[in-house]
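Enquirer: Return atomic coordinates for the entry below.
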Amino acid sequence: MTISIKGVIERKDIGSGAWALVSDSGETYELKDTPAQLKQSGLKVTVTGEVREDVMTFAMIGPVLEIKSFELLD
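Expert: Residues are numbered from 1 along each chain as shown. Here you go, the predicted model:
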């Protein structure tokens with residue numbers, strides 16, 4: 001199922017590090033295969049993607065979100 005989430009990109013220093021999307025409602029998603037354009041803390045974005053329940057990570061900071069598309073916001 002594809003979902004759209006609005007929030008802020010953050011770098012989490014857990015394990016080897018992970019990129020995350022912290023939604024406007026406060027939920028944290030770990031980003032899978034983060035595009036280079038999103039590897040900057042503090043970016044406000046809308047990300048469309050799929051939560052991957054079949055993927056585990058070392059960081060384990062929240063559901064893993066596989067990005068399909070994104071939009072940078074002001």
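
Enquirer: pretty sure residue 46 is in a helix, no?
Expert: No - secondary structure assignment places residue 46 outside any helix; it is strand (DSSP: H, G, I helix; E, B strand; the rest coil).

Enquirer: Let me see the contact set for residue 42.
Expert: 8, 9, 10 (C-beta atoms under 8 Å, 6 or more residues apart in numbering). C-beta coordinates here come from the backbone N, C-alpha and C atoms, glycine included.

Enquirer: The same query, at a cut-off of 10 Å, please.
Expert: By C-beta atoms under 10 Å, 6 or more residues apart in numbering, the contact list for residue 42 reads 8, 9, 10, 11.

Enquirer: out of these, who's nearest residue 45?
Expert: residue 9 (6.2 Å; C-beta to C-beta).

Enquirer: For the strand ranked longest in the chain, list every residue counted as buried.
Expert: Ranked by residue count under DSSP state E, the longest strand found in the chain is strand 2-12. By 16 or more other C-beta atoms under 10 Å, the buried positions in strand 2-12 come out as 5, 7, 9, 10, 12.

Enquirer: how near is the closest residue to the third one other than its chain neighbours to residue 70?
Expert: To tie it back to what came earlier, the one meant is residue 9. Once flanking residues are discounted, residue 9 sits nearest to residue 43: 4.3 Å by C-beta to C-beta, 6 or more residues apart in numbering. Note on residue 43: its distance to residue 70, by C-beta to C-beta, to the nearest Å, is 9 Å.
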